[in-house]
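# pasting the sequence and the predicted model now:
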Amino acid sequence: MRAVAERTPGFSAWQQARWLTHCGDAAVFLGRAGARELRSHPDALESLAAEFGEDFLAVLDADDQPTAYLFRCRGCARHLAYADFT
C-alpha cells in the first residue's frame, strides 16, 4: 500500500479512486478506458459485465462518464477494471 501511495502517480476518478490488486500485489494502472479500449481486454470486460451487465459496457467512455479504470496484474498479466460515474 505504501508503494502505491508514495511512489506511483495517482489518478482522478469520479468517485473515490480504488487501486486494484491481484495475485497478492498492487496492479499496474493503465489508464481510463471506454468500450472501444476494453474490447482488447476480455478479462477486464468479464468482471465489469458481471457487476453491471452487458448493456452498461457499451456506454463506457474513456473521456467522459461512465468510464472504466484499467489495470494489469504484475504477476499473471490479467487485466482488471472497475467502472465509475457520478
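Cool, the structure landed.
# was I right about L80 contacting H22?
Yes: between L80 and H22 there is a contact under CB atoms under 8 Å: 5.9 Å. All C-beta atoms are positioned from the backbone trio N, CA, C, and that covers glycine.
# out of these two, which sits in the busier spot?
Set L80 next to H22 and count neighbours by other CB atoms under 10 Å: L80 wins out with 22 against 17.
# distance of that one from F71?
Distance, L80 to F71, using CB to CB, to the nearest Å: 5 Å.
# any common contacting residues for the two?
Common neighbours of L80 and F71 (criterion: CB atoms under 8 Å, 6 or more residues apart in numbering): L20, H22, A27, A44.
# from those residues, which ones fall inside strands?
H22 (DSSP state E).
# neighbour-wise, which one of the shared contacts of L80 and F71 leads?
Of those, with other CB under 10 Å as the count, A44 tops at 24 neighbours.
# tell me, what's touching L80 and H22 both at once?
F71, C73.
# contacts only, for D25.
D25 neighbours (CB under 8 Å, 6+ apart): C73, R74, G75.
# any chance of a ChimeraX selection covering the buried ones in those?
Per 16 or more other CB atoms under 10 Å, the buried members of the contacts of D25 correspond to this ChimeraX selection:
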select :73
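# what's the lowest-pLDDT member of the contacts of D25?
Across the set of these, R74 stands lowest in pLDDT, at 92.
# pretty sure it sits in a strand.
No: according to DSSP: H, G, I helix; E, B strand; the rest coil, R74 belongs to no strand; its state is coil.
# neighbours of E54, how many?
10.
# no no, A62
15.
# which SS class is it?
Classified using three-state DSSP, A62 is coil.
# now do the helix or strand F71 falls within, average pLDDT.
In this structure, F71 sits in strand 67-72 according to DSSP states H and E. Averaged across strand 67-72, pLDDT comes to 92.
# that strand: what's the following helix or strand?
strand 79-84.
# how far off strand 67-72 does that following strand point, in degrees?
Strand 79-84 runs at 160 degrees relative to strand 67-72, counting by axes from the mean of the first three to the mean of the last three CA atoms, to 10 degrees.
# now for this protein, the helix or strand with the poorest mean pLDDT.
Every helix and strand of the chain was ranked by mean pLDDT, DSSP states H and E. The lowest is helix 2-7, at a mean of 54.
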